[in-house]
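Chemist: Quick one, what's the 3D model for this:
(2 chains)
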Amino acid sequence: MQVKVKVFRFNPENGEKKPRFDEFTVEADPKEKVLDLLHRIKWEQDGTLAFRRSCAHGICGSCAMKINGANMLACEANLANFRDPTRITVEPLQSLPILKDLVVDLRDFFKKYEIVKPYLINRTQPPSQERLQSPEDRALIDEATWCILCAACTTSCPSNWKNPQFLGPAALLKSYRYCFDTRDEGISERIHVLDNNDGVWRCHTIFNCVEACPKEINITWHISQLKKKLVSREY
Amino acid sequence: LELQETMMSKVGVFREEKILQEALDKVHELEKRAENIQIDDKGMKFNTDLTEAMELDNLLHFAELIVKGALNRQESRGAQYRRDFPKRDDANWLKHTIAVKKDGKIEFDYKPVVITKFQPKERKY
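Modeler: Below you'll find the predicted structure:
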């Protein structure tokens, strides 16, 4: 079937001041994904189209973008799942600086990630064997380990759009993964980053992140667990 | 895409000489066609057109290497099952192959396998 694809284009290197939408018509099967469309455009029509992609099967997180207004991975966006698969609009992730066409600058995203100290913190001596953890304890953090750092959640969060200093769902999820890991002892170091206006409290449970997450993680629930933990520590 | 399809269907786990030779011819044909590559994007920033072309060059080098190596090793071992040489041949082929591309031609060199704890035995299971 013929698909009309409207793609966001912007190349600051050419001295362009304003972005534009290019429209391409591509032949596609309804079983194919938006990433296939983008490749076809790049290889057959316009080689200057720039976008990130790597694994093409939903695990690396490189191809996160806004398709028909919703954040998702281009390699998981089945054409058949759209209400009108013959009209697709592709844009880069919202609120991040645009480097070229569909490529955004993820440095802020990763900086927030590093702020929450996403590593094990221990003050006691490491044991001579592995640190044991029961399956129940592991189940607490299981969902939080699925994050592939695609940035779909943080760029779909209206709180993040308005307050770019907000840590964002992905960083908070990672913080949960360490705060609730029974082997970690660093909660007192992580608390002050979480317990401020741009930490957990900027989350107003909008739930856009949960909708956008390609791994279907209930991020907002994890953030509210962090909120509960902060409150219970105070009182 | 053609390289992908050729390698997947002709140079997988189950290999045989005639089909490997077809694959090698295809790789050579693609290398010829790749000399005429044109790149649309003339920019210097995030030029994925250029990186994809450079990656293609690398892929072609490796493809030739893999197919030649498969043709060279006339036995079945591990993940290579040669339908025309279905048994493992320790007498001739218990060695590592080192491939070097000199002046566009691939040369094979060999290195003996270091055997420590486990002696190679026939696989029976």
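Chemist: who does whichever strand or helix holds residue A:89 pair up with?
Modeler: Using DSSP states H and E, residue A:89 sits within strand A:87-91. Its sheet considered, strand A:87-91 pairs with strand A:2-9 (parallel), strand A:64-67 (antiparallel) by DSSP bridges.
Chemist: Give the rounded mean pLDDT of it.
Modeler: Taken as a whole, strand A:87-91 carries a mean pLDDT of 92.
Chemist: Please enumerate the strands of chain A.
Modeler: A:2-9, A:20-27, A:64-67, A:70-73, A:87-91, A:98-100, A:103-104 (DSSP state E).
Chemist: ok, and which of the ones you listed has the densest surroundings?
Modeler: Mean neighbours per residue, mean count of other CB atoms under 10 Å in any protein chain shown, is largest over the strands of chain A for strand A:64-67, with a mean of 26. The way it works is simple: take the backbone N, C-alpha and C, and place the C-beta from them, glycine included.
Chemist: Now find how far off-centre that one is within its chain.
Modeler: The chain centroid and the centroid of strand A:64-67 are separated by 10 Å, computed with CA atoms, centre = their mean, to the nearest Å.
Chemist: For chain A, give the helix that spans the most residues.
Modeler: Counting by DSSP state H, the longest helix found in chain A is helix A:219-234.
Chemist: Show residues contacting that one.
Modeler: Residues outside helix A:219-234 that contact it (CB atoms under 8 Å, 6 or more residues apart in numbering or on different chains): A:143-144, A:153, A:169-170, A:172-173, A:175-176, A:179-180, A:191, A:194-195, A:200-201, A:203, A:205-207, A:209-210, A:213.
Chemist: Which single residue of chain B approaches chain A most closely?
Modeler: Here chain B gets closest to chain A at one residue, residue B:40, 3.0 Å apart by CB to the nearest CB.
Chemist: and that residue, how many residues sit next to it?
Modeler: Residue B:40 has 15 neighbouring residues, counting by other CB atoms under 10 Å in any protein chain shown.
Chemist: helix/strand/coil for it?
Modeler: Judged by DSSP: H, G, I helix; E, B strand; the rest coil, the three-state class of residue B:40 is coil.
Chemist: Show me what from chain B comes close to chain A.
Modeler: Proximity of chain B to chain A (CB under 8 Å from any CB of the partner chain) is limited to residues B:39-41, B:43-49.
Chemist: Can I get those in a markdown table including distance to residue A:27?
Modeler: Listed next are these as a markdown table, based on distance: CB to CB, whole Å:
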| residue | distance to residue A:27 |
| --- | --- |
| B:39 | 24 |
| B:40 | 20 |
| B:41 | 23 |
| B:43 | 28 |
| B:44 | 32 |
| B:45 | 31 |
| B:46 | 27 |
| B:47 | 26 |
| B:48 | 22 |
| B:49 | 21 |
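Chemist: what about the longest helix in chain B?
Modeler: If you go by DSSP H, chain B has its longest helix at helix B:48-72.
Chemist: what's in contact with whichever helix or strand comes after it?
Modeler: Next in sequence after helix B:48-72, counting helices and strands by DSSP H and E, comes strand B:81-82. Strand B:81-82 is contacted from outside by B:13-17, B:70, B:73-76, using CB under 8 Å, 6+ apart.
Chemist: where does chain B dip in pLDDT?
Modeler: By pLDDT under 70, the weakly predicted segments of chain B are B:1, B:125.
Chemist: can you tell me how far the residue of it most remote from its centre sits from residue A:13?
Modeler: Distance from the C-alpha centroid of chain B, by CA atoms, centre = their mean, peaks at residue B:43 (33.0 Å). According to CB to CB, to the nearest Å, residue B:43 stands 5 Å off from residue A:13.
Chemist: overlap in contacts of those two?
Modeler: Counting by CB under 8 Å, 6+ apart, the contacts common to residue B:43 and residue A:13 are residue A:100.
Chemist: how about the helices in chain A?
Modeler: A:34-40, A:107-115, A:135-142, A:158-162, A:169-179, A:187-194, A:208-212, A:219-234.
Chemist: how about the residues of chain A that lie near chain B?
Modeler: A:11-14, A:42, A:46-51, A:99-100, A:103.
Chemist: From the residues you listed, pick the one nearest chain B.
Modeler: Chain B has its nearest neighbour among these in residue A:47, at 3.0 Å by CB to the nearest CB.
Chemist: And the residue nearest to that closest one when sequence neighbours are not counted, its phi and psi?
Modeler: The shortest distance from residue A:47 to any non-neighbouring residue, by CB to CB, 6 or more residues apart in numbering or on different chains, is to residue B:40 (3.0 Å). Main-chain torsions, residue B:40, degrees, to the nearest 10: phi -70, psi -40.
Chemist: any idea how far the residue lying farthest from the centre of chain A is from chain B?
Modeler: In chain A, counting by CA atoms, centre = their mean, residue A:128 sits farthest out from the average C-alpha position, at 37.2 Å. Distance from residue A:128 to chain B, counting by CB to the nearest CB, to the nearest Å: 26 Å.
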